[in-house]
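In: Sequence and predicted model, in that order:
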Amino acid sequence: MLKNKDYKIRTGKTGNLYVSNRQWGNVREDYSSNGDAWNFANHNNAESYAYRWGEEGIAGISDAKQLFCFALSFWNKKDKMMKERFFGLSNPQRNHGEDIKEIFYYLDNTPTHSYMKMVYKYPINAFPYDDIRVENARRSKKEPEYEIFDTGIFDKDEYFDVFIEYAKADHNDIVIRVTICNRSETDAPLIVAPTVWFRNNWKWGYNTYKGQMNASYEGCIDIHHDSISIKKFYSRNIGAESIFCENETNNPKLYGAPYPGNTYFKDGINDYIIYGSNTVNPEKEVRKLHF
């Protein structure tokens with residue numbers, strides 16, 4: 001089974017950067033009282049925590065100042081959370097900690113980034129988060145680390161090859177193509193969630209202006225920001241649902257702290273897709289979008 005989906009970001013004369021593979025656990029994002037960066041912004045709470053200094057995502061890109069980002073998310077309908085970021089061990093998690101336990105390859109890239117291509121291998125079955133964590137904690141530093149392929153999750157070729165390609169249609173247009181290949185012998189579901197969002201710099205006072213996005217017409221999202229020239233996000237996947245939430249930390253969930261107003265937090269898309277929760281804006285107008 002092979003499917004193609006095409007997306008397009010129309011931009012002005014802005015440079016492009018990569019979005020980090022892993023921002024969680026970064027010391028720059030540590031605002032704990034005891035300097036515990038690994039647990040303050042860890043993999044499990046990253047879906048609910050709005051970063052200050054950078055963003056993360058799978059095959060993500062952004063403008064030169066990382067005010068506006070694009071990345072891919074996936075759900076195989078078996079994982080406990082959407083695959084919005086790469087999983088790995090934190091430094092205190094014993095055997096060979098502080099690395100990513102995923103399989104992906106960068107396949108091509110021109111010096112000007114006019115064309116880029118990578119592949120991510122996403123398991124069809126539930127991702128072995130606990131198995132990797134527990135087994136590496138059990139092993140000593142003298143033993144080999146327990147990698148994702150040691151779990152057997154890729155046996156019988158039960159995985160998707162997700163090919164992500166970027167190409168500049170001209171100086172101001174970036175075209176994105178996502179090709180999904182089911183390598184197993186059986187049909188398997190996969191939700192693909194291309195996501196665009198603004199890095200939350202208004203919370204920290206860097207920019208009091210909050211960028212806006214709204215559903216313009218079917219297959220098109222209008223993007224409004226006073227400091228970037230990105231204006232449109234198009235999709236050929238006409239009929240797909242557009243989903244909006246805020247790039248704001250879910251303080252009630254993480255810290256038990258009240259939050260004023262009716263806010264659709266950063267983890268709203270995850271909870272809506274997986275649990276059907278009422279966590280996305282029905283007005284289709286905020287600052288983070290799945291399309």
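Out: Yep, it's here.
In: least trustworthy helix or strand in the protein by mean pLDDT?
Out: When each helix and strand of the chain is scored by mean pLDDT, DSSP states H and E, strand 288-290 comes last, with a mean of 49.
In: Need phi/psi at the closest residue to residue 169 other than its chain neighbours.
Out: What sits nearest to residue 169 in space, not counting adjacent residues and going by CB to CB, 6 or more residues apart in numbering, is residue 175, at 4.9 Å. All C-beta atoms are positioned from the backbone trio N, CA, C, and that covers glycine. Note on residue 175: its backbone torsions stand at phi -100, psi 140 [degrees, to the nearest 10].
In: For residue 175, list each beta-bridge partner.
Out: In this entry, residue 175 is beta-bridged to residue 8, residue 167, by DSSP bridges.
In: So it is in contact with residue 164, correct?
Out: No - between residue 175 and residue 164 there is no contact under CB atoms under 8 Å: 11.8 Å.
In: Settle it for me: which of the two has more neighbours?
Out: The residue with more neighbours, out of residue 175 and residue 164 and counting by other CB atoms under 10 Å, is residue 164; that gives 22 against 17.
In: Verify the contact between residue 181 and residue 159 for me.
Out: No - applying CB under 8 Å as the test, residue 181 and residue 159 come out as separate, 9.4 Å apart.
In: which one of those two has more residues nearby?
Out: Neighbour tally, residue 181 and residue 159, criterion other CB under 10 Å: the higher count belongs to residue 159, 22 against 13.
In: quick one: contacts for that one?
Out: 121, 122, 123, 124, 153, 183, 184 (CB atoms under 8 Å, 6 or more residues apart in numbering).
In: And it, how far from residue 243?
Out: Here the criterion is CB to CB, to the nearest Å. By it, residue 159 lies 26 Å from residue 243.
In: backbone phi and psi for residue 127, please?
Out: phi -60, psi 130.
In: how near is it to residue 277?
Out: Applying CB to CB to residue 127 and residue 277 gives a distance of 21 Å.
In: quick one: which of those two has more around it?
Out: The neighbour comparison of residue 127 against residue 277 (other CB under 10 Å) goes to residue 127, with 21 against 12.
In: if you skip the residues just before and after it, what's nearest to that one?
Out: Closest residue to residue 127 in three dimensions, ignoring its sequence neighbours and counting by CB to CB, 6+ apart: residue 79, at 5.2 Å.
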